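# How does the following fold in three dimensions:
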Amino acid sequence: MGGDHPLASLIGLLVVLLLLSAFFSGSETALMSLNRYQLRHKARQGHRGARLAEKLLRRPGRIIGLILLGNNLVNIFAASLVAVVARDIGGEPAVALSALVLTLIILVFAEAAPKTLAALNPERVAFPAAIIYYPLLKVTYPLVWLTNAATNAVLFLFGVRPGDTELQALTREELRTVVHEAGGRISSRYRQMLLSILDLEKVSVDDVMVPHNEIVGIDLDENTESIEHIINESVHTRLPVFRDNIDNVIGVLHLRVLANLAKRSFEPADLVPLLDEPYFVPEGTPLSTQLVQFQRRGQRIALVVDEYGDIQGLVTLEDILEEIVGEFSSDPADEADDVVREGPDSWLVNGAANIRELNRTQRWELPTDGPKTLNGLILESLETIPAPRTQLRISGYPIEIVAADDKRIRTVRIGQRLQEESDTAA
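Take a look at the predicted model:
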């Protein structure tokens, strides 16, 4: 029995060494698998393990050196211990067999299993390990420094200059991927809002503005009754004011100031002193830029002009916010103005409908990199104003002209998207 005691002790020591090897292997994988952005978030919240892990990963060469030093030390010690025990039990043949057995044991129990576990649950393994590694690194720093110095010398020969690793900034497309991959952590509505914010730079005021011919405003050359009717029927609190047509705009009227008039009946000339200066923006301005400009200037409405100074349309703060959060109006009649469902796979669509709005409300995928309206998209494709019953296909959507005049397409019929996406006309 006395001879069994040293053997049992050696086996117990071997088990401890294998556990240490598993710890080193698993913790290395866990630390390297940590999501750096989630790590920084938890560190800022005060999580101790996260703070220590973040500090360790700022100089990954040091922590890797410590882990490899410890892992190789325990593995070599375990191999030596097994060799001694095998020689005492079975001589030289047992030593060779023990080396094979130990390799399989280390591979399964000290490498594959702990690394797989750590990869699946990196935070659960890495944070407790960081609490152990942080003081251990300070104790073994001289030895780790020598190891890293030799490693850096080898890397230097290959042109690699190790240094502190900072958290790299994400590009817009990478951030889009992060938001997409958030899954159930962010509701689909909030996820779409975040994606819309990221897309603001890709969308210009031209895409959301009210076209020149659809701008509703106050014509001072009209009689008082007509002006009062426009004011009473307006769904907006600000209206452009002009003479004869919108190209001769002289200001913007905030309807709230009308409450300050002493009399309900007024002359068109009475409105002029109440007008704010019109605010003009160049076409092609990204929505992200325009949103900031609205905020800086304290404005909510702007007139879009081209390079010649001609007014192309009108854009409001509400138009930009709708690009982020969607339509504010819940009136079904608003959507019915442009799209009427004709059948299970067929829709009648107003030719003046905005393509981006159609894509958003109908979940279509019509091209948005060219004309802004459906009428413009079809005219660009056909290069002529088509007659009724003309058929074509754009991005896989069969389109039939229902009504058109000499100037534009008024109504089209759009069918369910087909697999083939080539544009053809008949």
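
# going forward, measure contacts between C-alpha atoms and count neighbours the same way
OK.

# Next SSE downstream of the helix or strand harbouring Val154?
For Val154, the host element (DSSP states H and E) is helix 141-157. Next helix or strand after helix 141-157 toward the C-terminus (DSSP H and E): helix 172-181.

# Just the buried positions in the helix or strand that comes right after that following helix, please.
Tracing the chain C-terminally past helix 172-181 and defining elements by DSSP H and E, one meets helix 188-198 next. For helix 188-198, a neighbour-count test (16 or more other CA atoms under 10 Å) marks Arg191, Gln192, Met193, Leu194, Leu195, Ser196, Ile197, Leu198 as buried.

# Not counting its neighbours along the chain, what's nearest the third one?
Yep, that's Met193 we're talking about. What sits nearest to Met193 in space, not counting adjacent residues and going by CA to CA, 6 or more residues apart in numbering, is Ile324, at 5.2 Å.

# For the helix or strand hosting the one you found, enumerate the helices and strands it packs against.
Under the criterion of DSSP H and E, Ile324 resides in helix 317-325. Contact here means 3 or more CA pairs under 8 Å, 6 or more residues apart in numbering; DSSP states H and E; on that basis helix 317-325 packs against helix 188-198, helix 287-297.

# What is the burial count for Ala126?
For Ala126, the number of neighbouring residues by other CA atoms under 10 Å comes to 26.

# Next up, phi/psi of it, please.
Torsion angles at Ala126 (phi, psi; degrees, to the nearest 10) stand at phi -70, psi -40.

# Next up, the contacts around it.
Under the criterion of CA atoms under 8 Å, 6 or more residues apart in numbering, the contact partners of Ala126 comprise Ser27, Glu28, Ala30, Leu31, Leu34, Gly49, Ala53, Ala118.

# Give the buried residues for stretch 229-249.
Within stretch 229-249, the residues that count as buried by 16+ other CA under 10 Å are Ile230, Ile231, Arg238, Leu239, Pro240, Val241, Phe242, Ile246, Val249.

# didn't the last one look like it was pressed against Leu220?
When you say that, I think you mean Val249. No. Counting by CA atoms under 8 Å, Val249 does not reach Leu220; the two are 10.0 Å apart.

# can you list residues touching both of these two?
Listed as contacting both Val249 and Leu220 by CA under 8 Å, 6+ apart are Val241, Phe242, Arg243.

# Just put those in JSON lines and tack on secondary structure.
Rendered in JSON lines, the data for the shared contacts of Val249 and Leu220 read as follows (DSSP: H, G, I helix; E, B strand; the rest coil):
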{"residue": "Val241", "secondary structure": "strand"}
{"residue": "Phe242", "secondary structure": "strand"}
{"residue": "Arg243", "secondary structure": "strand"}
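
# Looking at these, spot the one nearest Ala112.
Nearest to Ala112 among these, counting by CA to CA, is Val241 at 74.9 Å.

# Run through the bridge partners of that closest one.
In this structure, Val241 has the following beta-bridge partners (DSSP bridges): Ile218, Gly251.

# For stretch 295-310, buried residues please.
Applying a neighbour-count criterion of 16+ other CA under 10 Å, one finds Arg300, Ile301, Ala302, Leu303, Val304, Val305 buried in stretch 295-310.

# outside of that stretch, which residues touch it?
Residues from elsewhere that reach stretch 295-310 (CA under 8 Å, 6+ apart): 205-206, 209, 238, 247, 278-283, 293-294, 311-318.

# Report the central residue of the chain.
A centroid search over the chain (CA atoms, centre = their mean) returns Arg176, at 2.4 Å, as the residue closest to the centre.

# Distance check, that one against Leu198.
Distance, Arg176 to Leu198, using CA to CA, to the nearest Å: 7 Å.

# List the buried residues for stretch 376-394?
Neighbour counts over stretch 376-394 (16+ other CA under 10 Å) mark 376-379, 382, 385-386, 388, 390-394 as buried.

# Endpoints of it, how far apart?
Here the two ends of stretch 376-394 are set 12 Å apart, with distance taken as CA to CA.

# One more: stretch 306-320?
End-to-end distance of stretch 306-320 (CA to CA): 19 Å.

# same question, stretch 160-176
Using CA to CA, the gap from the first to the last residue of stretch 160-176 comes to 32 Å.

# what about Leu253, which SS state?
Leu253 - assigned by three-state DSSP - is strand.

# So what's the residue count around it?
By other CA under 10 Å, the residues close to Leu253 number 23.

# same check, this time on Ile409
Burial of Ile409, expressed as a neighbour count using other CA under 10 Å, amounts to 23.

# thought the residue nearest to Met193 was touching Asp199?
No. Under the criterion of CA under 8 Å, Ile324 lies out of contact with Asp199, with a separation of 9.0 Å.

# For the strand or helix carrying Leu379, give the mean pLDDT please.
Assigned by DSSP H and E, Leu379 belongs to helix 374-382. Average pLDDT, helix 374-382: 91.

# Skip ahead from it and say which helix or strand is next.
Past helix 374-382, the next helix or strand by DSSP H and E is strand 391-394.

# Might you calculate how far that next one sits from the centre of the chain?
Taking CA atoms, centre = their mean, to the nearest Å, the mean C-alpha location of strand 391-394 is offset from the chain mean by 33 Å.

# all numbers from here: first residue = 11
Understood, numbering begins at 11; the last thing we discussed is strand 401-404.

# and it, what other elements does it pack with?
Applying 3+ CA pairs under 8 Å, 6+ apart, we find strand 401-404 packed against strand 407-414.

# Can you tell me the strand partners of the strand it packs on and which way each runs?
Paired strands of strand 407-414, with direction, are strand 401-404 (antiparallel), strand 419-425 (antiparallel) (DSSP bridges).

# which residues of the stretch 111-260 of the chain score low on pLDDT?
171-180, 193-194 (pLDDT under 70).
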